[in-house]
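*Asks:* sequence and predicted structure below; questions after.
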Amino acid sequence: MSEQHQLISDFVNRRVWAVVGASRDPRKFGYQVFRSLRDARYTVYPVNPKGGELDGMQVYPTLSDLPEQPEVVNVVVPPDVTERVVQEAHSLGLIRVWMQPGAESEASLRYCQEHGMQVIQRACAMVWKRSW
């Protein structure tokens with residue numbers, strides 16, 4: 001089993017996730033990833049600086065605002081935003097980051113590597129998730 005597959009197996013067996021870039025627009029991946037994980041019965045916290053509500057759940061402006069620490073931070077934002085998200089995640093002691101395809105950048109990947117964070121890239125959580 002490759003290192004990436006081992007990480008995926010570990011990540012998908014974690015129950016509490018944050019989706020950074022969660023969106024109220026059903027056409028956007030930020031919405032689709034959030035719903036897919038929630039429908040698979042993960043505990044999923046939507047994170048978006050706009051706040052508000054998503055499908056009856058409070059949307060948190062930042063990872064720091066969450067009521068509990070997520071075991072996995074799923075990132076569905078542009079690469080330059082991902083760079084800020086991984087820095088915030090690290091400052092909170094979060095070590096597992098799943099960068100949805102298109103969210104990664106060389107700088108964010110390098111930051112995670114330099115700070116001992118585990119990263120999944122080039123894989124979609126909607127494909128790999130478990131159903132509880």
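*Replies:* Perfect, I can see it now.
*Asks:* hey, let's count contacts and neighbours off CA atoms from now on
*Replies:* Fine.
*Asks:* so how far is the lengthiest helix in the chain from its chain's centroid?
*Replies:* Longest helix of the chain, by residue count under DSSP state H: helix 79-91. Helix 79-91 sits 11 Å away from the centroid of its parent chain (C-alpha atoms, centre = their mean, to the nearest Å).
*Asks:* which strands and helices sit next to that helix?
*Replies:* strand 72-75, helix 106-114 (3 or more C-alpha pairs under 8 Å, 6 or more residues apart in numbering; DSSP states H and E).
*Asks:* 6 Å instead?
*Replies:* Judged by 3 or more C-alpha pairs under 6 Å, 6 or more residues apart in numbering; DSSP states H and E, helix 79-91 has no packing partners among the helices and strands.
*Asks:* ok, so what distance separates the residue nearest to the spatial centre of the chain from M1?
*Replies:* The chain has N74 as the residue nearest its centroid, 0.9 Å off, counting by C-alpha atoms, centre = their mean. Going from N74 to M1 by C-alpha to C-alpha, to the nearest Å gives 23 Å.
*Asks:* please apply the same query to K50.
*Replies:* 40 Å.
*Asks:* now the helices for this structure?
*Replies:* Under DSSP H, the chain gives helices at 3-12, 29-39, 79-91, 106-114, 125-128.
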